[in-house]
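Visitor: Fold the following for me, if possible:
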Amino acid sequence: MLYFLIAFLALVLDQLSKWYIVHRMDLGESRPVLGTFFQITSHRNTGAAFSILEGQRWFFLTVTSIVAIGIVWYLRRMIRSKKRLLSVALSLVLGGALGNFIDRALFGEVVDFLQFWFRFPFFGTDVDYIFPIFNIADSAIVIGVGLIFLDTLIEWRNEKRGERE
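Guide: Below you'll find the model as predicted:
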């Protein structure tokens, strides 16, 4: 149950933050948190990461449904296998996927609001890069995928050690 609680907490955090943005900010409004580096900006996205495949609501709903079912099935297997890191990772991916799924299902778009603006000195001039706006669900998915990679590396290292002994 712990791992499903982690997924639920990621989902709730995501939905509460999006509710706040929708009800307390106008679309396009920005509020600085750390100067121009980090801002809360009310934005909507009908696509996936970086706005790819915009307007493909039913595609995303179908794919997310299949992926969520697969994650739940695999998560249950990993829990039984006592693979804790992988179970936490899958829980975060599940919670994030469901958070964005709810937005797409109910509103046809995903609420994004976390914006980072990077400024790099480049040959005597500053180069600006504004990272695409994202949300808590996206963060949970990225952290979960990162933990999956970490778990894979740990498993690979342990297998290599086992071969040497």
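Visitor: can you pull out the strands in the chain?
Guide: Listed in chain order, the strands of the chain (DSSP state E) span 30-34, 38-45, 110-122, 125-130.
Visitor: closest one to residue 73 among the ones you listed?
Guide: The closest of those to residue 73 is strand 110-122. By C-beta to C-beta, the value is 24.9 Å. (C-beta placed from N, C-alpha, C; glycine too.)
Visitor: Quick one: mean pLDDT for the closest one?
Guide: Taken as a whole, strand 110-122 has a mean pLDDT of 91.
Visitor: longest helix of the chain?
Guide: The longest helix of the chain (DSSP state H) is helix 136-164.
Visitor: Check which helices and strands it sits against.
Guide: Secondary-structure packing of helix 136-164 (3 or more C-beta pairs under 8 Å, 6 or more residues apart in numbering; DSSP states H and E): helix 2-24, helix 84-107, strand 110-122.
Visitor: looking at the ones you listed, which one has the lowest mean pLDDT?
Guide: Minimum mean pLDDT among those: strand 110-122, a mean of 91.
Visitor: who's in contact with the residue most central in space within the chain?
Guide: With distances taken as C-alpha atoms, centre = their mean, residue 138 lies nearest the centre of the chain, 2.0 Å away. Neighbour list for residue 138: 49, 96, 100, 112 [criterion: C-beta atoms under 8 Å, 6 or more residues apart in numbering].
Visitor: just to revisit the earlier point, right, so the strands of the chain: which one is the most enclosed?
Guide: Most buried of the strands of the chain, by mean neighbour count (mean count of other C-beta atoms under 10 Å): strand 38-45, with a mean of 19.
Visitor: what helices or strands is that one leaning on?
Guide: helix 2-24, strand 30-34, strand 110-122.
Visitor: between the ones you listed, which gets nearest to residue 151?
Guide: Smallest distance to residue 151 across those (C-beta to C-beta): 13.6 Å, for helix 2-24.
Visitor: So for that closest one, what gets flagged as buried?
Guide: 3-4, 6-7, 10-11, 13-15, 17-18, 21 (16 or more other C-beta atoms under 10 Å).
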